[in-house]
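> Next one to model:
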Amino acid sequence: MKRIPLDDYDTARGAFAWEIPPAFNFGVDVVDHWARETPDRTALIWLDEAGHERRFTFADMGRLSDRAATLLRRLGVRKGDRVVVMLPRIPEWQIAMVACLKLGAVPIPCITMLTAGDVAYRVEHSGATAAITTAENISKFDGLPGVEVKVSVGGGEGWTDFAAALGAEAEGFDAPAIAAGDPAVLYYTSGSTGKAKGVLHASRAIFAWRVSAWYWLDLHEDDVIWCTADTGWSKAGTSILFGPWSCGSTVLFYDGPFDAKRRLELLERYGVSVFCAAATELRQLIREDMADRDLSALRLTVSAGEAVNPEIVRRWRDLTGGLLLDGYGQTETLMSVLNYPAMPVKPGAMGRPLPGTEMAVLGDDDRPAPPGQPGRLVLRCPNPQMMLGYWDDAKQTATTRISIDGVEWFVTGDRARMDGDGYLFYEGRDDDVINSAGYRIGPMEVENALMEHAAVLECAAVASPDAERGEVVKAFVVLAPGHVGSVDLTAELQDFTKRQTAPYKYPRRIAYVADLPMTVSGKIQRRKLRDAEFANPLPSGDESS
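Numbering: from 1, shown residues only. Take a look at the predicted model:
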């Protein structure tokens, strides 16, 4: 599969074709490839909050992942076995992940914030037989049947010490053949109801994810990329491991809490050229003084998982001189709708489909919606980036498919609208859409408008029950420092919103709050706010609190 220059989106899209090899092993075909071709090139720069730093070349990563794969095989892990990899942002995460892939085992990346109950569910649900974690987290695996292979960074009673064991293993590893359709990685993602769903991807998906690294991240061998995602999220796979190393890029890996000044310091010190961060982080960064920062190396910033408000895009460009490109993807599909460096950006747009990917917006009749009309966002199948399915849940997997005129589509569960130029705009989840007096209102439209006001730091718009209109828009607003909620400010924000977007979309109710409910990955949990509204309905009319 060739990397066609994306100097013109339509030309590149028309010339692109998926060419998936019949067999693919990321550890062998990517990591070991670079270890042979450019052994001394830096693959990973790691540092922690205290300033400790470790550097690894591709040769280092090839050798260490060989030893780790040999260790796992010696301990009893076989091709197809599921392995919980619950590690923080430390180099052992990459080593363990690559080792599993070389062996043909299926890693289950997990964040270290999971509780013992979360871990037990994942182990039981997936049938995991092995775990790799830190000494601080081994107690979360106590008493779990089935986990026979236990490896710990830091050791522990009954656990194999990772570093000591690697040092004792021999060089080289005889990797098994991995077919493109073989299971390769299993991510757990929260659903709107019930337990987390296991999203199983094939080896072909790991191969295909390089395409978004080509065209969205625009990565090359001389780039340094820093993605701040946690290790348990699929975004870490695409922007910390699979995408960057498929392009031969250097990864910066920082293990420390969020601190805006520290973020800017590291961007400058390490000459980061591509930065990937959540919109929540970017909102904090644009409030920092960057006048004395040399960010000349930073040519591109991207964000996904949460829509980036147009004001953040403008402010980031003014402060850094670099692009900020939003993108859309899901754990089931990974990055599928993106903005690209060579393509004009429309404020608020997710972008256009990744080359090789076809998206559509369906109306209530399951026919393509007219330009500008919101509807269900769907992705055409087959697509190599798509999941194999939800683990051990064929019924749930089937609910995500719809057949139209003999063509199968994956139903994302999100709503969007497409303009006449093919740009897609996010309208929210199906259950986030507000239906007020017959008008369907996407929460992002309201939130984008409010975020333009200087008094608003964060906000979320949800449906609130109303006797007259069925539902009205209610905005939960976190105020910027120096602003205080009042009746006058509420009126000002409402009038301001009416000027920014269609008047019927303005928030008839506004609540000032200290913070918003967030997932651990930084996404606003509108459902919690909405559910609370319907559990405690307010009288009809306009109100503020």
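
> going forward, measure contacts and count neighbours with C-alpha atoms only.
OK.

> List the contacts of the most centrally placed residue in the chain.
Among the residues of the chain, the one closest to the centroid is residue 235, at 3.6 Å (CA atoms, centre = their mean). By CA atoms under 8 Å, 6 or more residues apart in numbering, the contact set of residue 235 is 229, 334.

> Now do the host helix or strand of it: distance to the chain's middle.
Using DSSP states H and E, residue 235 sits in helix 234-236. Here the centre of helix 234-236 is set off from its chain's centre by 5 Å, with CA atoms, centre = their mean, to the nearest Å.

> export stretch 408-424 as PDB, just CAs?
Extracted C-alpha coordinates of stretch 408-424, given in PDB (Å, rounded to 0.1, in the frame of the first residue of the first chain):
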ATOM      1  CA  GLU A 408     -23.800  -3.200   4.700                       C
ATOM      2  CA  TRP A 409     -23.100  -0.100   6.900                       C
ATOM      3  CA  PHE A 410     -21.800   0.200  10.400                       C
ATOM      4  CA  VAL A 411     -24.000   2.400  12.600                       C
ATOM      5  CA  THR A 412     -21.800   4.600  14.700                       C
ATOM      6  CA  GLY A 413     -24.500   5.700  17.200                       C
ATOM      7  CA  ASP A 414     -23.600   9.300  16.500                       C
ATOM      8  CA  ARG A 415     -25.500  12.000  14.600                       C
ATOM      9  CA  ALA A 416     -23.900  14.300  12.100                       C
ATOM     10  CA  ARG A 417     -24.700  16.500   9.100                       C
ATOM     11  CA  MET A 418     -22.800  16.700   5.800                       C
ATOM     12  CA  ASP A 419     -22.600  19.900   3.800                       C
ATOM     13  CA  GLY A 420     -22.500  20.200   0.100                       C
ATOM     14  CA  ASP A 421     -18.700  20.000   0.000                       C
ATOM     15  CA  GLY A 422     -18.700  16.600   1.900                       C
ATOM     16  CA  TYR A 423     -17.600  18.000   5.200                       C
ATOM     17  CA  LEU A 424     -19.100  16.300   8.300                       C
END
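
> Identify the residues contacting it?
Here stretch 408-424 makes contact (CA under 8 Å, 6+ apart) with 330, 337, 346, 349-352, 361, 371-382, 400-403, 425-430.

> Show me how far that stretch is from its chain's centre.
Centroid displacement of stretch 408-424 relative to its chain, using CA atoms, centre = their mean, is 19 Å.

> what is the rounded mean pLDDT of that stretch?
For stretch 408-424, mean pLDDT is 95.

> buried set for it?
Residues 409-412, 414-418, 423-424 are the ones in stretch 408-424 that count as buried (16 or more other CA atoms under 10 Å).

> So which of these is the closest to residue 231?
Here the nearest of these to residue 231, counting by CA to CA, is residue 412; it sits at 23.4 Å.

> before we move on, what SS does the closest one have?
strand (DSSP: H, G, I helix; E, B strand; the rest coil).

> Hmm, residue 107 is touching residue 198, no?
No. With contacts counted by CA atoms under 8 Å, residue 107 stays clear of residue 198, the gap being 11.9 Å.

> Among the two, which residue is more densely surrounded?
Shown here are residue 107 and residue 198; by other CA atoms under 10 Å, residue 107 has more neighbours (28 against 23).

> what residue ranges in the protein score low on pLDDT?
Residue ranges of the chain with pLDDT under 70: 191-194, 438, 440, 537-545.

> Show me the domain layout of it.
Annotated domains of the chain cover 57-203, 358-431, 433-544 [automatic domain parsing].

> For residue 290, which of those domains is the nearest?
Closest to residue 290 of the domains of the chain, according to CA to CA: domain 433-544, at 19.1 Å.

> can you give me the strands for the stretch 301-450 of the chain?
Remark: strands assigned in the stretch 301-450 of the chain by DSSP state E, counting those that start in this stretch are 323-330, 334-338, 352-353, 359-362, 375-380, 389-390, 401-404, 407-418, 424-429, 434-436, 439-441.

> Of all those strands, which one is nearest residue 480?
Judging the strands of the stretch 301-450 of the chain by CA to CA, what sits closest to residue 480 is strand 323-330, at 22.5 Å.

> Output the contacting helices and strands for that closest one.
Secondary structure elements in contact with strand 323-330, counted by 3 or more CA pairs under 8 Å, 6 or more residues apart in numbering; DSSP states H and E, are strand 300-303, helix 310-320, strand 334-338.
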